[in-house]
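**Student:** A structural model of the following input is requested.
(2 chains)
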2 protein chains.
Amino acid sequence: MTTPRNDPTEIPADLVSGAARRLAHYAHLTPVLTSHTLDAKCGGKIFFKCENFQRVGAFKFRGAMNAVLQLTDAEKAQGVITHSSGNHAQALALAGQLLGIPVCVVMPSNAPEVKRAATAGYGARIVSCEPTLAAREAAVALESAKHGYVLIHPFDDWRVIGGQGTAAWELLDQAGHLDIIITPCGGGGLLSGTALAAHTKSPHTRVIGAEPERADDARRSLEAGTILPSGDPKTIADGLRTSLGQRSFHVIQRHVDQIVTATEAEIIDALRFVTERMKILIEPSCAVPVAPILTGKLDVHGKRVGVILSGGNLDLQPLFQALSERWL
Amino acid sequence: MTTPRNDPTEIPADLVSGAARRLAHYAHLTPVLTSHTLDAKCGGKIFFKCENFQRVGAFKFRGAMNAVLQLTDAEKAQGVITHSSGNHAQALALAGQLLGIPVCVVMPSNAPEVKRAATAGYGARIVSCEPTLAAREAAVALESAKHGYVLIHPFDDWRVIGGQGTAAWELLDQAGHLDIIITPCGGGGLLSGTALAAHTKSPHTRVIGAEPERADDARRSLEAGTILPSGDPKTIADGLRTSLGQRSFHVIQRHVDQIVTATEAEIIDALRFVTERMKILIEPSCAVPVAPILTGKLDVHGKRVGVILSGGNLDLQPLFQALSERWL
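**Tutor:** Next comes the predicted model:
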């Protein structure tokens, strides 16, 4: 049984505009950058919305914060839980810390120590489990039963989707008219939130999702008309290994124009272009929407194109190991 | 014999303000970033002037462009020359390209291919020489005699120093009052230009230079009252291996309050902090002024401090090699 707020096929009204009002005092208004070199290369005008400069280094803060801000006082007292080894864990931990709400994060035992430390650094309680989806879900169920935690799903939650959409909502103010907005697509929270933002604020803007060729569940699901998950895809774009949720699929079917894909080599080339030429750090997932612009697979000639750079949590250990070996 | 413009002990009037007017249409007005995490750590308020986002990825464009803009028509027709394997080469090449002036760059035969290609990409003619200072200077003399090129020295030139000072000139507008401005110090062009900018625009701002402990010629020279070059220092901060020039030393003696130094480990830690936490790419040289703030060697408690992030030309090859090996 679902309440209207949670019905996966009923998109709540004012989802993104409400989130934008709610987040105004909490999320950074991230800058928009451009690149002469890229524009000359692709013949379009590209606007990068820099969510790598967002709190916790990723757009995920928007969705987590928007969800937590809408809890009832009783829910706030109980606390929240999620399972994630990625940006959503840190995002929820910070959101809880800012509002004084207990946060529990279930993490697989093989999660990188640096992510565990970062999440704990924001005051979250961390519960370890075996690195399988079944074990994660069992641990969440057990902890929730024991402590009464409210689950904040990383993407299959309207409050989270609404929050993620606020990046595009801001971008449309900052960049002016856009012909296209393109975002990475993993669980589809960012893509569906972006599609709802554009649908409300700029209905003629085409919204496009970008996936790794090796994790193309959104492309296949749209073709099939039903969710076809990706299994355990092997891609450098670690944020895009998850498959669509019911709510994101529902929105994407209605409001997303196209899904484009990128090979691993194209993703690495795009990552290299953005880091070396634009001097900003992005994670592999957000190189995915840049790749089809660089290769020309997506024709943007004469177009104004917004790209959501979703986050900056790139592991630089290989670089620092090389530098330390050489200089220390 | 030196003309007044070139007298190393006579600082030309309006050096930085004139450069700022001249560069307004050519250089990017680079953004100023802040970091909550760093401010909480050091107890001050730090303003980073992001010259890593400058054209060619470094402040060096300012000095080179300011110099080239002041050439006579006859000099412009003859063209310019420099010897450099670093950012000044690319900066001069772009400055020449923008004004249609021939540029010749003498590069040691062991310069990285990527720098050679970048410089050639801006249309400069490249002359290779043996990797010694004597061979470089001989090649410059030979080419100048043959073609009548005008030498644009990377730092021992008032026009270059004036141009470099415009980064601080802008920062003082963008950040408001600053108690301290700190910059890296190699040949001293950036530090002396910054000191002149502050002296004119904000005389109560203390100007501090930062050097690698292994290349502390400015610190030693100031103590001795005479230029004591560093020889061939081994430091990761490749932009700071050069020693002071006559003009920069003259300014630094008069208008710089202090030189602080950083060990190689401190430089790498600071590089890691800025890249991982602020999500921007900087080169090792500009981690040097960040290091004493992070370690507390420079007490900035309660102070408003400007830091010139001089450039972003960090070699990411070890990172991309690791990513390619893992994913392709």
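
**Student:** Now do the same for residue A:6: its pLDDT.
**Tutor:** For residue A:6, the pLDDT comes out at 76.

**Student:** And for residue A:133?
**Tutor:** For residue A:133, pLDDT reads 81.

**Student:** now swap in residue A:3 and tell me
**Tutor:** As predicted, residue A:3 sits at a pLDDT of 52.

**Student:** What helices and strands are in contact with the lowest-mean-pLDDT helix or strand in chain A?
**Tutor:** Lowest on mean pLDDT, DSSP states H and E among the helices and strands of chain A sits helix A:113-121, with a mean of 87. If contacts are counted by 3 or more Cβ pairs under 8 Å, 6 or more residues apart in numbering or on different chains; DSSP states H and E, helix A:113-121 sits against helix A:87-99, strand A:103-108, strand A:125-129. Placement of C-beta: from N, CA and C, glycine included.

**Student:** To residue B:270, which of the ones you listed lies closest?
**Tutor:** Nearest to residue B:270 among the helices and strands packed on helix A:113-121 is helix A:87-99 (22.9 Å), distances taken as Cβ to Cβ.

**Student:** Any part of the closest one near chain B?
**Tutor:** No - for helix A:87-99 and chain B, the contact criterion (Cβ under 8 Å from any Cβ of the partner chain) is not met; the two come no nearer than 11.5 Å.

**Student:** neighbours around the nearest residue to residue A:132 once chain neighbours are set aside, how many?
**Tutor:** Of all residues not flanking residue A:132 in the chain, residue A:108 sits nearest, at 7.8 Å (Cβ to Cβ, 6 or more residues apart in numbering or on different chains). Neighbourhood size, residue A:108 [other Cβ atoms under 10 Å in any protein chain shown]: 17.

**Student:** can you redo the helices and strands packed on helix A:113-121 as TSV with mean pLDDT?
**Tutor:** TSV is the format used below for the helices and strands packed on helix A:113-121 (pLDDT from 0 to 100):
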stretch	mean pLDDT
helix A:87-99	96
strand A:103-108	94
strand A:125-129	95
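
**Student:** Quick one, which of the ones you listed gets closest to residue A:253.
**Tutor:** Among these, helix A:87-99 sits nearest to residue A:253 (Cβ to Cβ), with 23.5 Å.

**Student:** For the closest one, name the packing helices and strands.
**Tutor:** helix A:60-69, strand A:80-83, strand A:103-108, helix A:113-121.

**Student:** Can I get the ones you listed in TSV including distance to residue B:209?
**Tutor:** TSV is the format used below for the helices and strands packed on helix A:87-99 (distance: least, Cβ to Cβ, whole Å):
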stretch	distance to residue B:209
helix A:60-69	38
strand A:80-83	48
strand A:103-108	45
helix A:113-121	34
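
**Student:** if you compare those, which one is most tucked away?
**Tutor:** Ranked by mean neighbour count, those are led by helix A:60-69 with a mean of 29 (mean count of other Cβ atoms under 10 Å in any protein chain shown).

**Student:** Quick check: the residue of the stretch 151-300 of chain A nearest chain B.
**Tutor:** residue A:279 (3.6 Å; Cβ to the nearest Cβ).

**Student:** Many thanks, have a good one.
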